[in-house]
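Asks: Kindly generate the corresponding structure for this input.
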Amino acid sequence: MARPSLESRSLESRRRPAAIDGGGRLLYRFPSENREAGADGKVGAGEETERVPEGVAIVALFPSAAPLACRIRALLPEARVHGPRSRPADWDEGYDSLLAHIAALFAARTPILGLCASGILIRAIAPLLADKRAEPPVVALSEDGGVAVPLLGAHRGGNALARRLAAALGGVAAITSAQDRRFGFALDEPPPGWRLANPERAKAILSALLGGETVALVEEAGGADWLKRGAVRWAKEGEKRVLVTDRRAAAGSEALVFHPPVLALGIGCEKGCPAEEIRSLALGALAEAGLAPQAVAAVVSIEQKLTEPGIHALAGALGVPARFFSAARLREETPRLSERSAAAFAATQCWGVAEGAALAACGEEGELIVPKKKSRRATAAVARAPRSIDASRLGRARGTLAIVGIGPGDASWRSPE
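Replies: Now for the predicted structure:
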């Protein structure tokens with residue numbers, strides 16, 4: 001029997017990827033903790049490099065696989081179990097035709113975990129294969145949970161999913177991708193928050209590394225420990241380069257450019273400030289300083305602006321979280337502000353919202369690199385952290401409200417099962 005859903009969001013919203021980047025690569029939503037940071041606002045240490053996608057469809061063929069499927073469902077964020085309607089069990093979703101259902105999931109770009117032989121998944125999705133950068137991860141897991149095989153999307157969560165399952169179930173992850181086996185990392189699967197500016201260059205750099213050619217690693221911002229932990233011996237100089245920077249990449253750059261999440265974009269504004277005014281001011285401040293929007297880790301402000309639509313619209317446009325600090329936390333940054341605003345203090349009880357929030361997000365080692373810029377109703381400032389910023393550890397996030405209708409009343413008022 002199918003389990004009723006108690007979420008107000010539709011299944012379609014869970015299936016959608018977060019975005020597609022400038023290179024046409026599919027960006028999946030990955031889980032992050034939503035917890036309060038300490039009063040010091042310090043940036044989280046270290047870099048998480050394993051990213052398991054949310055909303056995985058766990059496809060089972062028989063009721064005998066239901067216990068394993070349900071166990072896996074508890075391990076993965078927002079995963080749902082799909083099983084045959086003709087054989088009732090603890091399914092979240094039912095299907096009539098296995099191959100057609102798998103094909104539909106793949107076409108909807110839903111990450112797929114099949115509790116079946118690899119061949120079944122291959123036959124279902126083979127006619128749909130077109131662009132490796134826009135296809136979801138597909139993993140086959142033997143029915144005893146002993147072997148997990150990433151078939152597609154290895155570097156978009158497939159390998160991470162296989163490893164997570166192997167660790168939890170005591171099995172083996174059959175990883176076959178050359179980068180992982182030889183180097184211990186994948187150029188096209190950077191840590192969470194990192195952005196690849198020109199993914200079309202990855203193939204040439206990978207070829208050079210696999211061929212034993214000299215490739216330089218140039219670090220301008222953020223550090224690249226995840227690249228240095230692998231087996232590659234990077235050169236300091238060379239014609240072929242991997243560049244880690246928070247600055248805009250030059251047009252036609254031959255280097256493979258990574259943008260680490262080291263920038264905090266602070267925003268202050270009047271209530272109801274138009275989203276376009278905030279967006280124009282913020283992006284203009286970044287452009288004037290030569291900074292890459294892809295290096296922004298979070299849009300930050302004061303808690304009084306927690307429901308301000310324009311701030312959330314800017315965060316959505318940049319593909320990053322919006323986080324908010326208390327006035328007391330922002331007052332701690334007063335000695336580092338470029339100026340004190342009496343108007344800001346009168347309205348918010350802190351001497352500067354945009355600069356204060358940006359500095360708070362970057363921690364005590366951060367620096368203000370773009371002092372406050374003003375428009376008619378908004379302010380913006382940028383600070384840089386010495387290491388990657390874990391936005392989930394910053395301040396507060398806007399909450400969510402789920403409304404569950406169980407009746408009585410018209411069927412359209414009730415949450416779908």
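
Asks: Dihedrals phi and psi, Ala297?
Replies: Ala297 adopts backbone torsions of phi -90, psi -30, taken as degrees, to the nearest 10.

Asks: try Phe324
Replies: Main-chain torsions, Phe324, degrees, to the nearest 10: phi -140, psi 140.

Asks: And for Leu165, nearest residue in space, chain neighbours not counted?
Replies: Using C-beta to C-beta, 6 or more residues apart in numbering and skipping residues adjacent in sequence, the residue nearest Leu165 is Ala148, 4.5 Å away. In short, each C-beta sits where N, CA and C put it, glycine included.

Asks: ditto for Leu129
Replies: That would be Glu135: by C-beta to C-beta, 6+ apart, it lies 7.0 Å from Leu129.

Asks: pretty sure the one you found contacts Thr110?
Replies: No: the pair Glu135 / Thr110 is not scored as a contact, 10.9 Å apart, by C-beta atoms under 8 Å.

Asks: ok so, going back, and the gap between the residue nearest to Leu129 and Leu98?
Replies: According to C-beta to C-beta, to the nearest Å, Glu135 and Leu98 sit 19 Å apart.

Asks: Also Pro150?
Replies: From Pro150 to Leu98 the distance is 20 Å (C-beta to C-beta).

Asks: Which one of these two is surrounded by more residues?
Replies: Pro150 (25 against 19; other C-beta atoms under 10 Å).

Asks: Contact partners for the more buried one?
Replies: 137-139, 158-159, 161-162, 173-177 (C-beta atoms under 8 Å, 6 or more residues apart in numbering).

Asks: What average pLDDT does the helix or strand hosting it get?
Replies: Element membership of Pro150 [criterion: DSSP states H and E] is strand 147-152. In this model, strand 147-152 has a mean pLDDT of 94.

Asks: Note down every partner strand of that strand and its orientation.
Replies: Using DSSP bridges, strand 147-152 pairs in its sheet with strand 138-141 (antiparallel), strand 172-173 (parallel).

Asks: what does the next helix-or-strand element following that strand rub up against?
Replies: Next along the chain after strand 147-152, taking DSSP H and E as the criterion, comes helix 158-169. Identification of contacts with helix 158-169 by C-beta under 8 Å, 6+ apart yields 50-53, 56, 71-72, 75-76, 111, 113, 137-139, 141, 145-146, 148-152, 171-175, 177, 180, 186, 189.

Asks: quick check: angle from helix 158-169 to strand 147-152?
Replies: 170 degrees (axes from the mean of the first three to the mean of the last three C-alpha atoms, to 10 degrees).

Asks: Tell me which residues of helix 158-169 come out buried.
Replies: Of all the residues in helix 158-169, those buried under the rule 16 or more other C-beta atoms under 10 Å are 158-166, 169.

Asks: any idea how far Arg377 lies from Ala358?
Replies: The gap separating Arg377 from Ala358 is 19 Å, by C-beta to C-beta.

Asks: where in the protein is pLDDT low?
Replies: 1-50, 412-413, 415-417 (pLDDT under 70).

Asks: Check it for its longest helix and report it.
Replies: helix 275-288 (DSSP state H).

Asks: So for that one, what gets flagged as buried?
Replies: Neighbour counts over helix 275-288 (16+ other C-beta under 10 Å) mark 275, 277-279, 281-283, 285-286 as buried.

Asks: before we move on, the earlier item: surely the residue nearest to Leu165 is in contact with Ala173?
Replies: Yes: using C-beta under 8 Å, Ala148 is in contact with Ala173, at 5.1 Å.

Asks: So which of those two has more stuff around it?
Replies: Legend: neighbour count by other C-beta under 10 Å for Ala148 and Ala173, higher for Ala148 (25 against 20).

Asks: what's the closest of the strands paired with strand 147-152 to Ala66?
Replies: Minimum separation from Ala66 across the strands paired with strand 147-152 (C-beta to C-beta) falls at strand 138-141, 13.8 Å.

Asks: Return the distance of that closest one from the chain's centre.
Replies: Here strand 138-141 shows a centroid-to-chain-centroid distance of 22 Å under the convention C-alpha atoms, centre = their mean, to the nearest Å.

Asks: hmm, who's touching it?
Replies: Residues outside strand 138-141 that contact it (C-beta under 8 Å, 6+ apart) are 72, 106, 111-118, 120-121, 125, 147-153, 158, 161-162, 165.

Asks: returning to that earlier point: which of Arg377 and Ala358 has more neighbours?
Replies: Legend: neighbour count by other C-beta under 10 Å for Arg377 and Ala358, higher for Ala358 (34 against 16).

Asks: Can you name the helix or strand that that one falls in?
Replies: helix 353-362.

Asks: who does whatever helix or strand comes next after that helix pair up with?
Replies: Tracing the chain C-terminally past helix 353-362 and defining elements by DSSP H and E, one meets strand 367-374 next. Note on strand 367-374: by DSSP bridges, its sheet partners are strand 378-384 (antiparallel).

Asks: Give me the angle between the strand it pairs with and helix 353-362.
Replies: Using the same axes, to 10 degrees: strand 378-384 against helix 353-362 is 30 degrees.

Asks: Now do strand 378-384 and helix 275-288, the angle between them.
Replies: Strand 378-384 and helix 275-288 meet at an angle of 40 degrees, taking the same axes, to 10 degrees as the criterion.

Asks: then strand 378-384 to PDB, C-alphas only?
Replies: In PDB, the C-alpha atoms belonging to strand 378-384 read as follows (Å, rounded to 0.1, in the frame of the first residue of the first chain):
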ATOM      1  CA  ALA A 378      19.600  49.700  -0.500                       C
ATOM      2  CA  THR A 379      23.300  49.100   0.500                       C
ATOM      3  CA  ALA A 380      25.700  46.300  -0.500                       C
ATOM      4  CA  ALA A 381      29.100  45.300   0.700                       C
ATOM      5  CA  VAL A 382      31.400  42.300   0.100                       C
ATOM      6  CA  ALA A 383      33.800  40.500   2.400                       C
ATOM      7  CA  ARG A 384      36.200  37.700   1.700                       C
END
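
Asks: If we go by neighbour counts, what in that strand is buried?
Replies: 378-384.

Asks: swap in stretch 214-233?
Replies: Neighbour-count burial for stretch 214-233, counted by 16+ other C-beta under 10 Å, picks out 215, 217-219, 221-222, 224, 226-227, 230, 232.

Asks: Could you do stretch 54-64 as well?
Replies: 54-61.

Asks: From the residues you listed, pick the one nearest Lys305.
Replies: For the buried residues of stretch 54-64, the nearest to Lys305 is Glu54 (27.4 Å; C-beta to C-beta).
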